[in-house]
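Novice: I'd like to go over a predicted model; first the sequence, then the structure.
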Amino acid sequence: MGVFRLYDRAVEWVAGRVQEGFALFFLRLVLAGIFWRSGQTKIAEGTWFTISENTFFLFQEEYSGVPLPSHLAAIMATVSEHLFPILLVLGLFTRLSAFALLGMAMVIQLFVYPDAWWQVHALWVAMALVLIVRGGGWLSLDAVLARQQGRQATS
């Protein structure tokens, strides 16, 4: 019985609100970092946000399986890989941002790199799903907004 009690105490501590908040923050950072770095490869060197000619070429040739016009797909991917990671880091619209990146991961899986499920995309999907289900945690702007809305509703 002593071992189970010790285990239960450890689980109770690890599953605390503070620890969960830090874990969800780290998860948001990791998922954001994956997509942000990918988005940065689509920007012309030395510019703030000019999509490179190479990006348009890749979407026309290598990523041609995406069921959208290549020019539109390049713009949507580049904007998404910058906007949603920023929102994730801030913890603002966390569930929406994670859902958008989940959609991107599935498009990449289905239409671009179908052999990369277990090596890469399953991990992206798992991270996004946790954030969709759990949200950004207490260490997010979502939590700040929720607290403000709660106070306004009771005032």
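Specialist: Nice, thanks for sending it over. Numbering: from 1, shown residues only.
Novice: Show me what the helix ranked longest in the chain is packed against.
Specialist: Criterion DSSP state H: the longest helix present in the chain is helix 17-40. Under the contact criterion of 3 or more Cβ pairs under 8 Å, 6 or more residues apart in numbering; DSSP states H and E, helix 17-40 touches helix 70-90, helix 94-107, helix 122-134. For every residue, glycine as well, the C-beta is placed using N, CA and C.
Novice: Residues in contact with the helix or strand that that helix is followed by: which ones?
Specialist: Using DSSP states H and E, the helix or strand that follows helix 17-40 in sequence is helix 53-61. With Cβ atoms under 8 Å, 6 or more residues apart in numbering as the test, helix 53-61 has contacts from 41, 42, 43, 44, 66, 70, 71, 73, 74, 77, 78.
Novice: Now the two most distant members of those residues.
Specialist: Pairwise distances across the contacts of helix 53-61 (Cβ to Cβ) peak at 21.1 Å, for the pair 44 and 66.
Novice: Compare those two (neighbour count), which wins?
Specialist: The neighbour comparison of residue 44 against residue 66 (other Cβ atoms under 10 Å) goes to residue 66, with 18 against 13.
Novice: any low-confidence regions in the chain?
Specialist: 1, 151-155 (pLDDT under 70).
Novice: Mind doing that once more with 50?
Specialist: 155 (pLDDT under 50).
Novice: returning to that earlier point: from the contacts of helix 53-61, list just the buried residues.
Specialist: Buried members of those, scored by 16 or more other Cβ atoms under 10 Å, are 42, 43, 66, 70, 73, 74, 77, 78.
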